[in-house]
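Participant: One predicted model, sequence on top.
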Amino acid sequence: MGNNKPAIDYDKIAEMGSFKQLVKKKNVFLWSITVIFLVAYMLLPILTSFTQILHQKAIGDITWVWIYSVGLFVMTWGLAHLYVSKANVFDKEAKEIIEEYERGVK
């Protein structure tokens, strides 16, 4: 009734250069943090099973494995915070792309 906006053609948006650039930036970011996360987590069982590096005492009776494990929790929270911050930026860029599309439609 009161909504005279034309329907959004998402196929046309998907063909826009700005959208393709956003998708590329988003994929690079997501793959990068995924690799960092998996490498850091997979190193723990590898280093504890096949080396003695993390079994050395770091502070008193606390070994490096405990410090590394706590570091994994800190890293996970940090990556989650980074993801949320970056997702907000991507959302703004997506909104700008839709606005760009709407300006071109008129």
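Facilitator: Alright, I've got the coordinates.

Participant: Determine the set of other helices and strands touching the lowest-mean-pLDDT helix or strand in the chain.
Facilitator: None of the helices or strands of the chain scores lower by mean pLDDT, DSSP states H and E than helix 10-15, at a mean of 92. For helix 10-15, the elements it packs on are helix 64-105, judged by 3 or more CB pairs under 8 Å, 6 or more residues apart in numbering; DSSP states H and E. The C-beta positions use only the backbone N, C-alpha and C, and glycine is treated the same way.

Participant: what helices or strands is the helix it packs on leaning on?
Facilitator: helix 10-15, helix 17-50, strand 57-59.

Participant: Looking at the ones you listed, spot the one closest to Val84.
Facilitator: Taking CB to CB as the measure, those were each checked against Val84, and helix 17-50 came out nearest at 11.7 Å.

Participant: Show me what counts as buried in the closest one.
Facilitator: If you call a residue buried by 16 or more other CB atoms under 10 Å, then helix 17-50 has these buried ones: Phe19, Leu22, Lys26, Phe29, Ile33, Leu47, Thr48.

Participant: Pull the residues that contact the least confident helix or strand of the chain.
Facilitator: By CB atoms under 8 Å, 6 or more residues apart in numbering, the surrounding residues in contact with helix 10-15 are Phe19, Lys20, Ile97, Ile98, Tyr101.

Participant: Spatially, what comes nearest to Phe90 if we skip its sequence neighbours?
Facilitator: Taking CB to CB, 6 or more residues apart in numbering, and ignoring the residues beside it in sequence, Phe90 has Lys26 as its nearest neighbour in space, at 5.5 Å.
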